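Student: turn this into a model:
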Amino acid sequence: MMTMRAYLAYCGKSFSKHISYRSEVWLRIIGNIVIMFIQVSIWKSLAASSPSHMLNISEMVTYSVITTSVMNLLMTRVYQSIDSKLQSGDICSDLQKPISYPWYLFFEQLGTVGFQLLFNVVPSILIALLLFGIQLPEASNLLPFLISLFLAMIISFLIGYLVALIAFWFLTTFALNWTLGALMTVFSGVFVPIWFFNPFWAELANMLPFQYLGYIPSAIYLGKIEQPYLILLQGCGWAATLLLVVNLLWWKAIKRLIVQGG
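Tutor: Residues are numbered from 1 along each chain as shown. Presented below is the predicted three-dimensional model:
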């Protein structure tokens, strides 16, 4: 019980830290609306030059709004926390605390996600609803959509944590961060839905976990997936696999921890 209180305290501290930067809230909301506007404009231009049956503009507007919102709830940035502490040497003091370091990182990120949800995602969606108009999900898709959001957070945390653990060997996440960003941009379907990919790239995307970070939640929301619970079960398999990998790497990493500059 005391340990859980400690984790919740770290979660609350992370949430409060972001509240102190109020100007950043407005900048993030504006940034989201700009991204949505650009994507919506592109899809409207494509729809205008395509046969009417080829592109459903209402679906694409909704897809753009949902994927942009989901990206704000991901926990892949956990690597930034570890990277800075590796550079400063503060990670040694963190590892000496009587708590699980991975769980500490998770709840720290959870606090950030809570802040993003309340002060970034919800306002952005409300503004987008007024500016662009978006489809509401069917009742049967609402529960699997919410589950897919939770799964997206878990998988994104494990991927970010995996990158952070690899940094124990390289002492930096710069190259890994760039690679992760490129893979997520392409295979998460955040800009182009996977249903528009050619067969080869679609098959490759379906073999990777990145689709759960954007495409799957949005496709479930729109009712584009016939068996959403089967897809979510496969996502749980990805989460279990990533959890196994990061646990193995974690024990190897702490045994050969070399703190740069510390």
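Student: what is the neighbour count of residue 183?
Tutor: Residue 183 has 15 neighbours, counted by other CB atoms under 10 Å. The way it works is simple: take the backbone N, C-alpha and C, and place the C-beta from them, glycine included.
Student: that one and residue 115: what is the separation?
Tutor: Distance, residue 183 to residue 115, by CB to CB, to the nearest Å: 26 Å.
Student: give me the nearest residue to the most centrally placed residue in the chain, chain neighbours excluded.
Tutor: Centroid-nearest residue in the chain, with CA atoms, centre = their mean: residue 74, separated by 2.2 Å. Nearest residue to residue 74 in three dimensions, chain neighbours excluded: residue 156, at 3.8 Å (CB to CB, 6 or more residues apart in numbering).
Student: surely that neighbour and residue 75 touch.
Tutor: Yes - with contact defined as CB atoms under 8 Å, residue 156 counts as touching residue 75 (4.7 Å).
Student: pick out whichever of these two has more residues nearby.
Tutor: In this view residue 156 and residue 75 are compared by other CB under 10 Å, and residue 156 has more residues nearby, 27 against 23.
Student: now do the contacts for the more buried one.
Tutor: By CB atoms under 8 Å, 6 or more residues apart in numbering, residue 156 lies in contact with 74-76, 213.
Student: give me the three-state assignment for it.
Tutor: helix (DSSP: H, G, I helix; E, B strand; the rest coil).
Student: quick one, helices of the stretch 151-262 of the chain?
Tutor: For the stretch 151-262 of the chain, helices defined by DSSP state H, counting those that start in this stretch occupy the ranges 174-187, 199-206, 215-222, 228-255.
Student: burial-wise, tell me which of those comes out on top.
Tutor: A comparison of the helices of the stretch 151-262 of the chain by mean neighbour count, using mean count of other CB atoms under 10 Å, puts helix 215-222 on top with a mean of 26.
Student: now it: how far from the chain's centre is it?
Tutor: 14 Å (CA atoms, centre = their mean, to the nearest Å).
Student: report the rounded mean pLDDT for it.
Tutor: Throughout helix 215-222, pLDDT has a mean value of 96.
Student: same deal with stretch 56-71?
Tutor: Mean pLDDT, stretch 56-71: 92.
Student: just the buried residues of it, please?
Tutor: Going by neighbour count (16 or more other CB atoms under 10 Å), the buried part of stretch 56-71 is 59-71.
Student: residue 94 touches residue 85, doesn't it?
Tutor: Yes - with contact defined as CB under 8 Å, residue 94 reaches residue 85; the gap is 6.5 Å.
Student: separation between residue 106 and residue 156?
Tutor: 11 Å.
Student: mutual contacts of these two, please.
Tutor: With CB under 8 Å, 6+ apart as the test, residue 106 and residue 156 both reach residue 75.
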